[in-house]
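Enquirer: Here is a sequence with its predicted model. Questions after.
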Amino acid sequence: MKINLNYSPNFDPNKRKLNQIKFIIFHYTGMKIEKKAIEKLTNIKSKVSCHYLIKLNGDVVKLVPEPYISWHAGISGWSNYKNLNKNSLGIEISNPGHKHNYKNFSKKQIISLVKLSNYLIKKFKIKSNFILGHSDIAPDRKRDPGEKFPWKLLSKKKIGIWHNLNSKILAKERNNKTNYIDKKKFISNLYKIGYPVNKKIEKTKYKKFLIKAFQRRFRQELINGIIDKECLIISENLLKK
């Protein structure tokens, strides 16, 4: 796999131990123009970066070498880990995002993403449940890589996790109401899966963010922030992974 170099100044100067790298985090650039996104990621004033960028044409660009901590995750958490920059590799995929006519990721991008991810998974022994989207680790702040990101397809390539439930059977449970105990169980399942707890945000408001983050990842056909039977069943299945 050919990798182009365009180094960013936005990283911590001290090297980390390679065994600290536990996560791969996927993002979209969220900008209309790809060139502007690259300029931002390599501009010292922006204070943001990533390790790799995948362009619209599938070209892979390395911005920060893996031993260094790039600034891509921000305030974040998963399982017992907090502020995941120090423990992760960030991959940006060029896409205008939700604010600028969010689009499907191109076939060339996905092919490159699979190759790059498999290379990094093998090199750093990344666990499947530690391959995440930005919205997974920061549900109250982020929506990327979003509901058009092909998580199901990637899971078939052993990149990230997905449920093994029949989609037609699941669809029958969509919009079926849950009771108080079901709702409580669903939120508990999400925390057990790894989703971060945030006590600083008003409880009801944060739950809405949390539910939508889960839906963008595992129930992409409907993102409404409502816990139905389909969401509950998926969460229970994922706990078995």
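Expert: Cool, got the structure.

Enquirer: need the strands for this protein, in chain order.
Expert: For the chain, the strands defined by DSSP state E occupy 3-5, 23-28, 52-54, 60-62, 77-78, 81-82, 88-93, 131-133.

Enquirer: any idea how far the spatially most distant residue from the centre of the chain is from Y81?
Expert: Here the chain reaches farthest from its C-alpha mean at N179, the gap being 29.3 Å by C-alpha atoms, centre = their mean. To Y81, N179 is 33 Å away according to C-beta to C-beta, to the nearest Å. The C-beta positions use only the backbone N, C-alpha and C, and glycine is treated the same way.

Enquirer: ditto for L170
Expert: Relative to Y81, and taking C-beta to C-beta, L170 is found at 30 Å.

Enquirer: what's the span of stretch 4-19, first residue to last?
Expert: End-to-end span of stretch 4-19 (C-alpha to C-alpha, to the nearest Å): 25 Å.

Enquirer: What of stretch 142-154?
Expert: Chord length of stretch 142-154, first to last residue, is 21 Å (C-alpha to C-alpha).

Enquirer: Residues in contact with it: which ones?
Expert: Stretch 142-154 has contacts (C-beta atoms under 8 Å, 6 or more residues apart in numbering) with 26-28, 30, 93, 95, 97-98, 102-105, 110, 113-114, 117, 133-135, 160, 162, 212, 215-218, 220, 223.

Enquirer: tell me the contacts of E66?
Expert: Contacts of E66 by C-beta under 8 Å, 6+ apart are L18, I21, H51, L89, L120, F124.

Enquirer: how's the chain carved up into domains?
Expert: 3-156, 167-238 (automatic domain parsing).

Enquirer: Which residues does the longest helix anywhere in the chain contact?
Expert: Longest helix in the chain by number of residues (criterion: DSSP state H): helix 107-124. With contact meaning C-beta under 8 Å, 6+ apart, helix 107-124 is reached by 1, 18, 21-22, 24, 26, 52, 54-60, 66, 89, 91, 93-94, 105, 126, 131, 150, 153-154, 157-159.

Enquirer: please redo it, this time with the cut-off set to 6 Å
Expert: Contact with helix 107-124 is made by M1, I21, I24, I54, N57, G58, V60, L89, I93, K157, I159, as judged by C-beta atoms under 6 Å, 6 or more residues apart in numbering.

Enquirer: The last one: what's its closest spatial neighbour, skipping adjacent residues?
Expert: Nearest residue to I159, sequence neighbours excluded (C-beta to C-beta, 6 or more residues apart in numbering): S117, at 4.7 Å.

Enquirer: Could you check how far that neighbour is from I201?
Expert: Applying C-beta to C-beta to S117 and I201 gives a distance of 31 Å.

Enquirer: Could you do S155 as well?
Expert: 30 Å.

Enquirer: go on, D228?
Expert: From D228 over to I201 (counting by C-beta to C-beta), the distance is 23 Å.

Enquirer: again, but for I111
Expert: From I111 to I201 the distance is 38 Å (C-beta to C-beta).

Enquirer: circling back to that earlier point, will you turn the strands of the chain into CSV that also has distance to L190 and mean neighbour count?
Expert: Formatted as CSV, the strands of the chain follow (distance: least, C-beta to C-beta, whole Å; neighbours: other C-beta atoms under 10 Å):
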stretch, distance to L190, mean neighbour count
strand 3-5, 35, 10
strand 23-28, 18, 25
strand 52-54, 28, 25
strand 60-62, 32, 19
strand 77-78, 11, 21
strand 81-82, 16, 15
strand 88-93, 20, 25
strand 131-133, 13, 23
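
Enquirer: how far out from the middle of the chain is the longest helix of the chain?
Expert: Centre-to-centre, helix 107-124 and its host chain are 14 Å apart (C-alpha atoms, centre = their mean, to the nearest Å).

Enquirer: tell me which residues in it are buried?
Expert: Neighbour-count burial for helix 107-124, counted by 16 or more other C-beta atoms under 10 Å, picks out Q109, I110, S112, L113, V114, L116, S117, L120, I121, F124.
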